[in-house]
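> Provide a 3D model corresponding to the input given below.
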Amino acid sequence: PPGFYDNGMHEATVRSLTAGVVLVDVASRGRLSLRGSDPRWKPEMDPAYYADPTDRAAMLAGVRQAVDIARQGPLASIITGARLHHGEDEASLQEFISRWTQTLYPPHPGDEPMTTVQDPRSELAPTGEDRPTFEVRNPGTGDLVGTWPVQSAAEVEETVARARAAAEWWAEIGYAERGKRLDAFRGVIARRIHQLAHLVHDEMGKPHSDAFLEVALVLDHLAWAGKHAPKVLGAQRRPTGLINANLKATVEHHPLGVVGVIGPWNYPVFTPMGSIVYALAGGNAVVFKPSEFTPGVGAWLVDAFAEVVPEHPVLQLVTGDGSTGAALCRAGVDKVAFTGSTATAKRVMATCAETLTPLVAECGGKDALIVDRDADLAAAADGAVWGGIANAGQTCIGVERIYVHQDVAAELARLLVERFDDLR
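From the prediction side, this is the model:
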């Protein structure tokens, strides 16, 4: 927020920024602490850390605003603070958030950037011209990004069989060790965030800044899942009632085993990772089939996870078209998580029904914005344009319909046209 990062880039400011991260993290749990050292700390106790000490009112306003933002969660608050401080300048935002991720997740000794993604191969895979493949091209330039195999039903079944064996080991290591591995995975993503964002841009086409933000949001998924899985899924006592007072009852959640995840192209990192991360935290192995438009993103994630979990193939990749997705549904997985269109979801559901495989599906919608007569029309127009056009309109919760009171319809239309004229 304004006044929060205004001390320059000397050592005192670095301490200030570090303290800000701790403030964000702890405030989201309901209390404040400067660098975690004193739970009694209040903003008024150390103004020099947060702003020009001669402008005490601005300092307090800035810190209070920071606390409000902090309740969004650690990563979201950093990004929000960056936007408030740096505006919408893409270069400044990327530099600021990149510096933050390097502070939060410093490079490990010997941690070399991953420069390639691996084309998944199987011992059963046909070779040469007999192997069906598909091309991925940059939607903005038409340039070839990569060529990937359309994996057969036999290959998918083999992958699921490997996952089944890996799932037993992954479940046995327990919540604490899985949390450590997920945290290490989060560090790999954070340190190579620009690399992954660039790949998202090349395959899917969204601007690098949007891709960067999408990847950054995944870090909160990983942090929450690794930390809270024991509390949410661990053994929980249940009352037995007076009649069974001599008995003890507990509820335990056991991993399903192998979860198949079929991801979309519009948010190729954030959306599938919302399923992958929580399945992994619960002790499941995952077989990930990314969209045929973004297989390289899927391969990047699988390869990065293998760096922190090298013992067994807990997270694996299969690539291909709809036939590969259907094969995954029929391969004996214990659950399928799908994100995509309603029409495709119906086909996935029908395929899963053949084996009574449980399915969770996130489909599209026709999301509406309602603008009443007393609404702030400028804010409504801003929200409508952003909600309808962000990510080229390819968002499951994007604005697709606007219901507006007839008394203000003409003025809202004028404001919308005015804002659309500035877009390209």
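> what about the strands in the protein?
133-137, 144-149, 236-238, 249-251, 258-262, 285-289, 315-317, 335-339, 359-362, 368-371, 401-404 (DSSP state E).
> Could you measure from residue 195 over to residue 355?
38 Å (Cβ to Cβ, to the nearest Å). Any C-beta I mention is one placed from the backbone N, CA and C, and that applies to glycine too.
> Could I get the strands of the chain in JSON lines, plus columns for mean pLDDT?
Shown next, in JSON lines, are those (pLDDT from 0 to 100):
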{"stretch": "strand 133-137", "mean pLDDT": "93"}
{"stretch": "strand 144-149", "mean pLDDT": "93"}
{"stretch": "strand 236-238", "mean pLDDT": "90"}
{"stretch": "strand 249-251", "mean pLDDT": "92"}
{"stretch": "strand 258-262", "mean pLDDT": "97"}
{"stretch": "strand 285-289", "mean pLDDT": "98"}
{"stretch": "strand 315-317", "mean pLDDT": "97"}
{"stretch": "strand 335-339", "mean pLDDT": "96"}
{"stretch": "strand 359-362", "mean pLDDT": "95"}
{"stretch": "strand 368-371", "mean pLDDT": "94"}
{"stretch": "strand 401-404", "mean pLDDT": "95"}
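> Tabulate those strands (JSON lines), appending mean neighbour count.
Shown next, in JSON lines, are the strands of the chain (neighbours: other Cβ atoms under 10 Å):
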{"stretch": "strand 133-137", "mean neighbour count": "15"}
{"stretch": "strand 144-149", "mean neighbour count": "17"}
{"stretch": "strand 236-238", "mean neighbour count": "10"}
{"stretch": "strand 249-251", "mean neighbour count": "10"}
{"stretch": "strand 258-262", "mean neighbour count": "27"}
{"stretch": "strand 285-289", "mean neighbour count": "28"}
{"stretch": "strand 315-317", "mean neighbour count": "24"}
{"stretch": "strand 335-339", "mean neighbour count": "23"}
{"stretch": "strand 359-362", "mean neighbour count": "16"}
{"stretch": "strand 368-371", "mean neighbour count": "14"}
{"stretch": "strand 401-404", "mean neighbour count": "15"}
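> Any chance of TSV for those strands, columns distance to residue 204?
Below are the strands of the chain laid out as TSV (distance: least, Cβ to Cβ, whole Å):
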stretch	distance to residue 204
strand 133-137	10
strand 144-149	10
strand 236-238	41
strand 249-251	41
strand 258-262	16
strand 285-289	16
strand 315-317	17
strand 335-339	14
strand 359-362	18
strand 368-371	25
strand 401-404	25
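> neighbouring contacts of stretch 270-279?
With contact meaning Cβ atoms under 8 Å, 6 or more residues apart in numbering, stretch 270-279 is reached by 182, 214-215, 217-218, 221-222, 225, 256, 259, 261, 263-264, 286, 288, 290, 298, 301, 315, 337, 339, 360, 362.
> Would you mind telling me which of residue 195 and residue 355 has the busier surroundings?
residue 195 (17 against 11; other Cβ atoms under 10 Å).
> of all the strands of the chain, which lies closest to residue 167?
Ranking those by proximity to residue 167 (Cβ to Cβ) places strand 285-289 first, at 3.7 Å.
> Taking strand 258-262 as reference, get the angle to that closest one.
With axes from the mean of the first three to the mean of the last three Cα atoms, to 10 degrees defining the directions, strand 285-289 sits at 20 degrees from strand 258-262.
> Pairing partners for strand 285-289, with directions?
Using DSSP bridges, the strands paired with strand 285-289 are strand 258-262 (parallel), strand 315-317 (parallel).
> List of residues touching the shortest one?
Which is strand 315-317. So strand 315-317 is in contact with 120, 159, 162-163, 276, 280, 285-290, 295, 298-299, 301-302, 305-306, 309, going by Cβ under 8 Å, 6+ apart.
> 7 Å instead, please
For strand 315-317, contacts defined as Cβ atoms under 7 Å, 6 or more residues apart in numbering pick out 120, 159, 162-163, 276, 280, 286-288, 298-299, 302, 305.
> picking that back up, quick one: which of the strands of the chain is nearest residue 421?
strand 401-404 (17.6 Å).
> Summarise which helices and strands the closest one is packed against.
strand 368-371 (3 or more Cβ pairs under 7 Å, 6 or more residues apart in numbering; DSSP states H and E).
> Just the CA atoms of the strand it packs on, as CSV, please.
This file holds the C-alpha atoms of strand 368-371, laid out as CSV (Å, rounded to 0.1, in the frame of the first residue of the first chain):
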residue,chain,number,x,y,z
ALA,A,368,-24.4,-12.7,-14.8
LEU,A,369,-23.7,-9.2,-13.6
ILE,A,370,-26.6,-7.2,-12.1
VAL,A,371,-26.5,-3.4,-12.2
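> Quick check: can you name the pairing partners of it and their directions?
With DSSP bridges as the test, strand 368-371 pairs up with strand 401-404 (parallel).
> check contacts around the residue nearest to residue 193 when sequence neighbours are not counted.
Nearest non-adjacent residue to residue 193, counting by Cβ to Cβ, 6 or more residues apart in numbering: residue 215, 5.3 Å away. Residues counted as contacts of residue 215 (Cβ under 7 Å, 6+ apart) are 189, 193, 196-197, 269.
> re the thing from before, can you list the strands paired with strand 285-289 in JSON lines and add distance to residue 391?
Compiled in JSON lines, these are given as follows (distance: least, Cβ to Cβ, whole Å):
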{"stretch": "strand 258-262", "distance to residue 391": "20"}
{"stretch": "strand 315-317", "distance to residue 391": "24"}
